[in-house]
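Chemist: here is my input; please provide its structure:
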Amino acid sequence: MKRSRWAKFILLFILIAPIAVFLFGKVIMLLWNNILTPVLHVSEITFWQGIGILVLAKILFGSFGGRGGYNRYYSKQRMMWNHMTPEQKEKFKEEWKTRSRRWGYRSSEPGNEAQQPESQV
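Modeler: Numbers count the residues shown, from 1 in each chain. Have a look, this model is predicted:
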């Protein structure tokens, strides 16, 4: 049962991956040629150069979705929070309250609305 499920997944991936790469490369090429060429006066790129830009973006920025970027940072912060003692958590909260007041944000105490920057008159 599991074997056929994996076989379907692999077959679907083999069919969809090339189509996705082609579409992403074509979209990058079209956006580059239709936006950057007239605005910044750069030369037009080919389809393969669009694919190269896609690969370069993947290398530089990590992921286009899934478990990349913010999710990794957030899970690291949650792990730190879970290993803190109650005293450390309270100290951390107080430090952020102090910082948020210094940066011009209102306290998130009950009775206050959402955190908004104070208007400067």
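Chemist: residue 43 belongs to a helix?
Modeler: No: secondary structure of residue 43 (DSSP: H, G, I helix; E, B strand; the rest coil): coil, not part of a helix.
Chemist: so it makes contact with residue 37?
Modeler: Yes: Residue 43 is within contact range of residue 37, at 7.3 Å (criterion: Cβ atoms under 8 Å). Heads up, the C-betas are built off the backbone N, CA and C, glycines and all.
Chemist: tell me which of the two has more neighbours.
Modeler: Between residue 43 and residue 37, counting by other Cβ atoms under 10 Å, residue 37 is the more crowded of the two (13 against 9).
Chemist: quick one: contacts for the more buried one?
Modeler: Applying Cβ atoms under 8 Å, 6 or more residues apart in numbering, we find residue 37 in contact with 43, 44.
Chemist: quick one: what helix or strand has it in it?
Modeler: Residue 37 is part of helix 37-40, with elements assigned from DSSP states H and E.
Chemist: what mean pLDDT does that helix have?
Modeler: Mean per-residue pLDDT for helix 37-40: 92.
Chemist: so how far is it off the chain centroid?
Modeler: 27 Å (Cα atoms, centre = their mean, to the nearest Å).
Chemist: any idea which helix or strand comes after it?
Modeler: Counting by DSSP H and E, the next helix or strand C-terminal to helix 37-40 is helix 47-61.
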